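Q: next input, structure requested:
(chains A and B)
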There are 2 protein chains.
Amino acid sequence: MPHEHATAPWDRIEELLEEGDRERLVAFAEELGVRETARALSRLEPEDRDRVLTLLPPEDAAEFIEEIPEEQAADLLGHLPTNKAAEILNEVDSNEAADVLGELDTDQAHEIIASMGLEEAEDARLLVGYEDDVAGGLMITEYLAYPETATVQEVIWDLQINAEKYREYSVQYIYVTSNGKRLEGVLQLRDLLFRPATVCIADIMIAQPVCVRDDATLEALDELFEEEAFMGVPVTDAGGRLLGIIKRADVQEGLAERADDAYLKSQGIVGGEELRSMPTLLRSRRRLSWLSVNIVLNIVAASIIAMYQETLAAAIALAVFLPMISDMSGCSGNQAVAVSIRELSLGLVKPFEIAHVWIKEFSVGVLNGVVLGALIGGVAYLWKGNPYLGLVVGGALAVNTMIAVSIGGTIPLVLKRLKVDPALASGPMLTTVTDISGFFIVLTLATQLLPRLA
Amino acid sequence: MPHEHATAPWDRIEELLEEGDRERLVAFAEELGVRETARALSRLEPEDRDRVLTLLPPEDAAEFIEEIPEEQAADLLGHLPTNKAAEILNEVDSNEAADVLGELDTDQAHEIIASMGLEEAEDARLLVGYEDDVAGGLMITEYLAYPETATVQEVIWDLQINAEKYREYSVQYIYVTSNGKRLEGVLQLRDLLFRPATVCIADIMIAQPVCVRDDATLEALDELFEEEAFMGVPVTDAGGRLLGIIKRADVQEGLAERADDAYLKSQGIVGGEELRSMPTLLRSRRRLSWLSVNIVLNIVAASIIAMYQETLAAAIALAVFLPMISDMSGCSGNQAVAVSIRELSLGLVKPFEIAHVWIKEFSVGVLNGVVLGALIGGVAYLWKGNPYLGLVVGGALAVNTMIAVSIGGTIPLVLKRLKVDPALASGPMLTTVTDISGFFIVLTLATQLLPRLA
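A: Sure, this is the predicted structure:
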């Protein structure tokens, strides 16, 4: 818990940096806690951030790196000298280190890995090869494994000798391997307790334990942990060799990250997570990459309006309702997108079940279209006293709501089948199509009824 | 893993229901696995769903209820006879049972609790009193606790006798309590191993263990698990009495749920999670509750356009750009909203740091506004060959982008201070304000320059 300070913590850190008082800086960071220190660092100038990280002992810096967002960690480490970054990453959990390295550009990542400890570098090379959302990318390489020929006594000796190191290992299983690290079995720590010391662990292990392949998806892992009560499961390669273990909490963390990601993408933060401590130009460029696609799509949609300028000029009241039809159709469609993305991630719907989703959406679309169309049609009618204006505006919104939920519900399934990220692409595609259809419907209807509207 | 079936699994379940073959139905559900069974049930008629749940043994049904979304679980159990629902919930983990009961209406929940087993009902009553996102709502009441006077031998005996029951307990700590269940200390299972059998556990426990109050927030819990390597921590009430334990994985699950929630809310799914297996009328009503607020806000914004009909009629080309300015400003603002909501949940920004956020956003807004304004202004100029049209449209979008990111960045902080859910309210408030300001800027500018536009 942060204490109350008269000055902001980042000002205090700057003072301590100026005084060059390393000891008090370390003590202050400890007192602040990981989260407040992260917040304070994000307010410092880049060179001051680097100095703080360089002054902290590598173990303290590592603890800090493990807990802040990957993007921020990569940003911080990327600015340090290679050997300093390597020194810190040596102390970071294998999967966290790999995630951070994955955020750096490839050359820099390889330079840092080359400066890391032998064992840590090997683990890092293995793990950075995997995507973040498969078993290989989520697993840790810190686990207990012994050859099948080991005895209970030998294992207990090793556990006692290395107690300090193993204390950090959070999964309390012992894996049994044969030559070439092939996974043969598993036992729980407590299984060692009531056994004669000379028994071979191969004789008391559970053979053919539940395990996952390194390319297992987050969905498959979630499903596995739903079915089974394990705290962790071993991960193997195609040859059955033990590569690491994956913990229940890490799968949950992966799911949380994916949900965060879906939220950020749906709001147009797409080039990776943005933090306000990043340089303004980078933030601007990343946001523009998405905005500029959107502006092109908007121009395409607006060109429909351009085609009907004469109708609009003759019945200018319609111009008031065009942004409304665009926005409301988008809202209805986005609701359907959100439900589809959620059902896809829960496994309640499969990407090929387009007809099922469409029927379910269309029935809601008819109801909501009629209600919203009647509302807006009523407003238009009351405003100008012209029932035809109400009919055109209300009718168009009603029909376009049905179109919007139909597209919104099914487009995530289609994108998933095409291996395009639905959270990313559904929104812009949906609004473009519904803008085009909405403007088209309202303006062709209006052209037909023009003598009665003008 | 589901096997290949010639018929859809839900058709097969219907067949088995008709045949009344309970044994094969149970076997079939087991073969399908939790997730495929959930999917199959969501495709059945409500009365068939009830029959399947009634036919499954309560332990099997409980496993199933634990793993499907709470909303779906509540929907299923809400339709069963009270005593059948209670029988199933008796077998469900305490925190999951409480979550499901929390989704039902209060009267029905209390009826079901009254039919549950004594111990389970007591736990359920305790847990349903808490919000989902505080320690009390996230904890489980299945833990190992012994009085401080117990000896190592007594604990080991109890562990051996109840091995079957405790196997389901996933946290491997033993809590030591004094009279009145006050939490006094903790020890790990392995701490029992190398101790004389007659030693009192109070003499080997770690006294004053890390613990959290029942009202600790999800953020505070996340922070605690970031700082400490524990798999679980005990939860106490104001008097220091042990109420339950909270697991690392449950905190991660809570975070995933909150992120999902933020995503769904931002897309207009606000009345609780929607699944397409729910009745059409309920889905329609829930979506409309949000859409109807939006349509009112849209009407307010559009009334600005209505005030400038003469300007619009004289320079009809502007009507093409109004929906575009509305949409693009909304997109820019939503990006800022997403970054603020993310930084708030990471603790990188505090709700009172409005000036800091505004400066960071405004600098990006100036850059993006100029780029987007130049783009759209250029298009307008090229289209009509009128530089003033480009100036009006481009200038308005540039200024409105700066306004949009300023509002988008700061509004989540303001809402958080007002204790309004930022994920829910930021979007509609943002788009209303930016629509109004966007339409106002473009149309007042146009009115000033009308002779040169027409």
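
Q: CA atoms only: put the helix or strand of chain A with the lowest mean pLDDT into CSV for me.
A: Confidence across the helices and strands of chain A bottoms out at helix A:163-166, with a mean of 77, counting by mean pLDDT, DSSP states H and E. Output in CSV follows, covering the C-alpha atoms of helix A:163-166 (Å, rounded to 0.1, in the frame of the first residue of the first chain):
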residue,chain,number,x,y,z
ALA,A,163,14.5,-26.1,-1.4
GLU,A,164,15.3,-22.4,-1.9
LYS,A,165,15.1,-22.6,-5.7
TYR,A,166,12.0,-24.8,-5.8
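
Q: whichever helix or strand comes after that helix: which residues count as buried?
A: Moving toward the C-terminus from helix A:163-166, the first helix or strand encountered (DSSP states H and E) is strand A:173-178. Of the residues in strand A:173-178, those buried by neighbour count under the rule 16 or more other C-beta atoms under 10 Å in any protein chain shown are A:173-177. Placement of C-beta: from N, CA and C, glycine included.

Q: the helix or strand following strand A:173-178: how far from the chain's middle?
A: Moving toward the C-terminus from strand A:173-178, the first helix or strand encountered (DSSP H and E) is strand A:182-188. Using C-alpha atoms, centre = their mean, to the nearest Å, the distance from the centre of strand A:182-188 to the centre of the chain it belongs to is 32 Å.

Q: any idea how far the helix or strand following strand A:182-188 is from the chain center?
A: As assigned by DSSP H and E, the chain's next helix or strand after strand A:182-188 is helix A:201-204. Put simply, helix A:201-204 sits 41 Å off its chain's centre (C-alpha atoms, centre = their mean).

Q: what is helix A:201-204 packed up against?
A: Counting contacts by 3 or more C-beta pairs under 8 Å, 6 or more residues apart in numbering or on different chains; DSSP states H and E, the secondary-structure elements packed against helix A:201-204 are helix A:152-161, strand A:173-178, strand A:182-188.

Q: the following helix or strand past it vs chain B: in contact?
A: Sequence order places strand A:206-207 as the next helix or strand after helix A:201-204, per DSSP H and E. No. Contact between strand A:206-207 and chain B is absent, the nearest approach being 13.6 Å (criterion: C-beta under 8 Å from any C-beta of the partner chain).

Q: residues making contact with strand A:206-207?
A: The set of residues that contact strand A:206-207 without belonging to it, under C-beta atoms under 8 Å, 6 or more residues apart in numbering or on different chains, is A:184-187.

Q: that strand: partners in the sheet, and parallel or antiparallel?
A: Listed by DSSP bridges, the sheet partners of strand A:206-207 and their directions read strand A:182-188 (antiparallel).

Q: surely residue A:97 and residue A:119 touch.
A: No. Counting by C-beta atoms under 8 Å, residue A:97 does not reach residue A:119; the two are 11.9 Å apart.

Q: these two - which one has more neighbours?
A: Higher neighbour count among residue A:97 and residue A:119: residue A:97, with 30 against 11, using other C-beta atoms under 10 Å in any protein chain shown.

Q: the buried residues of strand A:173-178 also near chain B: which ones?
A: Near chain B, by the rule C-beta under 8 Å from any C-beta, you find none of the buried residues of strand A:173-178.

Q: can you redo these as CSV with pLDDT?
A: CSV is the format used below for the buried residues of strand A:173-178 (pLDDT from 0 to 100):
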residue, pLDDT
A:173, 85
A:174, 88
A:175, 93
A:176, 94
A:177, 94
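
Q: show the end-to-end separation of stretch A:198-216, please.
A: End-to-end distance for stretch A:198-216: 37 Å, by C-alpha to C-alpha, to the nearest Å.

Q: show me which positions of that stretch end up buried.
A: Residues of stretch A:198-216 classed as buried under the neighbour-count rule (16+ other C-beta under 10 Å) are A:201-202, A:205, A:209, A:211-212, A:214, A:216.

Q: ok, now stretch A:368-378?
A: Judged by neighbour count (16+ other C-beta under 10 Å), stretch A:368-378 contains these buried residues: A:368-373, A:375-377.

Q: pull the most distant pair out of these.
A: Using C-beta to C-beta, the buried residues of stretch A:368-378 span at most 14.1 Å, a distance reached by A:368 and A:377.

Q: the closest residue to chain B within the stretch 301-450 of chain A and residue B:325, how far apart?
A: The stretch 301-450 of chain A approaches chain B most closely through residue A:338 (3.6 Å), counting by C-beta to the nearest C-beta. Look at residue A:338 and residue B:325: by C-beta to C-beta, to the nearest Å, they are 25 Å apart.

Q: the closest residue to chain B within the stretch 51-200 of chain A: neighbour count?
A: The nearest approach of the stretch 51-200 of chain A to chain B comes at residue A:67, 4.4 Å away (C-beta to the nearest C-beta). Applying the criterion other C-beta under 10 Å, we find 19 residues in the vicinity of residue A:67.

Q: now it: how far from residue A:59?
A: Taking C-beta to C-beta as the criterion, residue A:67 is separated from residue A:59 by 13 Å.

Q: quick revisit: quick one: the residue of the stretch 51-200 of chain A closest to chain B and residue A:38 touch, right?
A: Yes. Using C-beta under 8 Å as the test, residue A:67 is close enough to residue A:38 to be in contact (7.5 Å).

Q: how about the nearest residue to residue A:416, chain neighbours excluded?
A: Taking C-beta to C-beta, 6 or more residues apart in numbering or on different chains, and ignoring the residues beside it in sequence, residue A:416 has residue A:351 as its nearest neighbour in space, at 4.3 Å.

Q: burial check on the one you found, number of neighbours?
A: Look at residue A:351: counted by other C-beta under 10 Å, it has 17 neighbours.

Q: and it, what helix or strand is that in?
A: With DSSP H and E as criterion, residue A:351 is part of no helix or strand.

Q: pLDDT score for it?
A: Here the pLDDT value assigned to residue A:351 is 93.

Q: who's in contact with it?
A: Taking C-beta under 8 Å, 6+ apart as the definition, contacts of residue A:351 comprise A:344, A:413-414, A:416-417.

Q: just the ones of those in strands?
A: Under the assignment DSSP state E, the contacts of residue A:351 contribute nothing to strands.

Q: flag the least confident of the residues you listed.
A: Looking at these, model confidence by pLDDT dips furthest at residue A:344: 90.

Q: so which of the buried residues of stretch A:368-378 also contact chain B?
A: Filtering the buried residues of stretch A:368-378 for proximity to chain B by C-beta under 8 Å from any C-beta leaves A:368, A:371-372, A:375-376.

Q: turn these into CSV, including pLDDT and distance to residue B:107.
A: As requested, these are arranged in CSV below (pLDDT from 0 to 100; distance: C-beta to C-beta, whole Å):
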residue, pLDDT, distance to residue B:107
A:368, 96, 30
A:371, 97, 30
A:372, 97, 33
A:375, 96, 34
A:376, 96, 38
